[in-house]
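Engineer: Let's see this in three dimensions:
(4 chains)
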There are 2 protein chains.
Amino acid sequence: MTKRTDLLTGLPVTADGTGPPRERADAARNRARVLAAAEELFAAGDPAEVTMEDIAKAAGIGRGTLYRRYPDRASIARALLDEHERALQHEILRGAPPLGPDESDPAERLAAFYAAMVDLLERHVHLLLGAETGSARYRTGAYGFWFTHVRVLAADRPDPEALADTLLAPLAPEVYRRQREQGISPDRIKNGLTALARGVLAGDRPKSPE
Amino acid sequence: MTKRTDLLTGLPVTADGTGPPRERADAARNRARVLAAAEELFAAGDPAEVTMEDIAKAAGIGRGTLYRRYPDRASIARALLDEHERALQHEILRGAPPLGPDESDPAERLAAFYAAMVDLLERHVHLLLGAETGSARYRTGAYGFWFTHVRVLAADRPDPEALADTLLAPLAPEVYRRQREQGISPDRIKNGLTALARGVLAGDRPKSPE
DNA sequence: CCATCAAGTGGACACAACGTCCACTTAGCC
DNA sequence: GGCTAAGTGGACGTTGTGTCCACTTGATGG
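Structural biologist: The predicted structure follows:
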């Protein structure tokens, strides 16, 4: 138990203060294999149909190994999605208007956000469907971010809290897939959402009509 | 084959012209039991967690008997939902304005539709969650009806097809449940949706700006 | 009232996916 | 090169699905 500790810090060698014990080389290799295999499987067919066993087999590893790091399909999809969502979140927080801050008109910021989300959806619906099927959407950290963003944009409307979920609903991956399958192009979807953004947030209908 | 025909009508007894062969008494009794049991189970907990076996057991019948009439959970929920949805559809087609026809302002009709759907959701979310989880929503006949209705209301906007799914998205049962769980009252949800309806459909922004 | 038989019943069965467990292997360090 | 914890993978138990089929029963005509 007290076996090995770092001579300088006194901390156990396996936990070097900066974080959890380092990942072994074979583990890292398998992680990469899993992500690559999953990406492909999600893209190939209905993401909801992809099973943990499928992924393990495609990655050439055992089920136990897969479960070691990812408790379910959703967590794998989220891992693949993570960097893309972070990039968008960064743009919103620090990027240039109209997506980023320093743009006075909330309606245009919402429209820009919608457009950016459509781009994200177009590229990664399969991952979003793998990660957020049904109500699971609301349990992701990302949803919390989008929610806060939209709520702030709607801050001068009567009930921003209630509006936020409503305004985010059309961005559900199932909705997007449905529209694309109906033959509606990303641009047409963007236009519809822009109309929505302007209709709801534009004009001066302040919180409490003086 | 030509065995037995009704002496008065001349029609085969097993197929009385008005429909398929009559349902036996025990079958009818069990059907009623199934629906009653399912209604209760759906309301009790998460509808997605209710299994066919649960329903069979609660109804006091065997699994085979249950599967005989209902291929899956969704079909049972839909059977329970059917009359309520029909009633609303009837109101829309033949009822009084603003929900029914003969109301000139599409924005107000959409707002009325939203309000009616919120009432339906409030009373039967559990059934809707049992019937329409995820993408299954789009495969129901009811969705087709709502879609057509909204598309017609949006007919003078640039792209009614694209708008319709977008405008229906906030009525997804998962969205509704989420909002209610966030502590948002049905009335607040209605108000948000009314703002949406008016924002998108009110005003004169005709299809092709003269 | 009874005989008939198709409609109806229910439990056994085969299957798919889940998630866990643990004996074995191996990378990394001394 | 030996040690050890991290990592591996497949066997296993569980749960839910959907089908199948031998048996039961309600309705009907005699």
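
Engineer: Buried residues of stretch A:71-82, list them for me.
Structural biologist: A:73, A:74, A:76, A:77, A:78, A:79, A:80, A:81 (16 or more other Cβ atoms under 10 Å in any protein chain shown). C-betas here are computed from N, CA, C, even on glycine.

Engineer: In contact with the first one, which residues?
Structural biologist: Spelled out, it's residue A:73. For residue A:73, the contact set (Cβ atoms under 8 Å, 6 or more residues apart in numbering or on different chains) comprises A:47, A:50, A:51, A:52, A:55, A:130.

Engineer: now do the last one
Structural biologist: By Cβ under 8 Å, 6+ apart, the contact set of residue A:81 is A:124, A:127, A:128, A:131, A:142.

Engineer: make it 7 Å
Structural biologist: A:124, A:127, A:128, A:131 (Cβ atoms under 7 Å, 6 or more residues apart in numbering or on different chains).

Engineer: got any ranges where chain A has weak pLDDT?
Structural biologist: A:1-21, A:204-210 (pLDDT under 70).

Engineer: try 80 this time
Structural biologist: Across chain A, residues meeting the criterion (pLDDT under 80) sit at A:1-22, A:103-104, A:203-210.

Engineer: hang on, the earlier thing: would you reformat the buried residues of stretch A:71-82 as JSON lines and include distance to residue A:135 and secondary structure?
Structural biologist: What follows is those, written out as JSON lines (distance: Cβ to Cβ, whole Å; DSSP: H, G, I helix; E, B strand; the rest coil):
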{"residue": "A:73", "distance to residue A:135": "15", "secondary structure": "helix"}
{"residue": "A:74", "distance to residue A:135": "12", "secondary structure": "helix"}
{"residue": "A:76", "distance to residue A:135": "19", "secondary structure": "helix"}
{"residue": "A:77", "distance to residue A:135": "16", "secondary structure": "helix"}
{"residue": "A:78", "distance to residue A:135": "15", "secondary structure": "helix"}
{"residue": "A:79", "distance to residue A:135": "20", "secondary structure": "helix"}
{"residue": "A:80", "distance to residue A:135": "21", "secondary structure": "helix"}
{"residue": "A:81", "distance to residue A:135": "18", "secondary structure": "helix"}
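
Engineer: how much space is there between residue A:98 and DNA strand D?
Structural biologist: According to Cβ to the nearest atom of the strand, to the nearest Å, residue A:98 stands 44 Å off from DNA strand D.

Engineer: phi, psi of that residue?
Structural biologist: As for residue A:98, its main-chain torsions (degrees, to the nearest 10) stand at phi -80, psi -10.

Engineer: which residues does it contact?
Structural biologist: A:108, A:109, A:112.

Engineer: ok, the host helix or strand of residue A:87 near DNA strand D or not?
Structural biologist: Secondary structure from DSSP states H and E places residue A:87 in helix A:73-94. No. Using Cβ under 7 Å from any atom of the strand, helix A:73-94 stays clear of DNA strand D, with a minimum separation of 14.2 Å.

Engineer: I'd like the distance from that helix to the chain centre, please.
Structural biologist: 5 Å (Cα atoms, centre = their mean, to the nearest Å).

Engineer: Please apply the same query to stretch A:101-111.
Structural biologist: The answer for stretch A:101-111 is 21 Å, by Cα atoms, centre = their mean.

Engineer: List the ones among the contacts of residue A:73 that fall in helices.
Structural biologist: A:52, A:55, A:130 (DSSP state H).

Engineer: Test my guess that the first one contacts residue A:68.
Structural biologist: Read it as residue A:52. No. In this structure residue A:52 lies outside contact range of residue A:68 using Cβ atoms under 7 Å: 11.7 Å.

Engineer: ok, these two, which is more surrounded?
Structural biologist: residue A:52 (16 against 13; other Cβ atoms under 10 Å in any protein chain shown).
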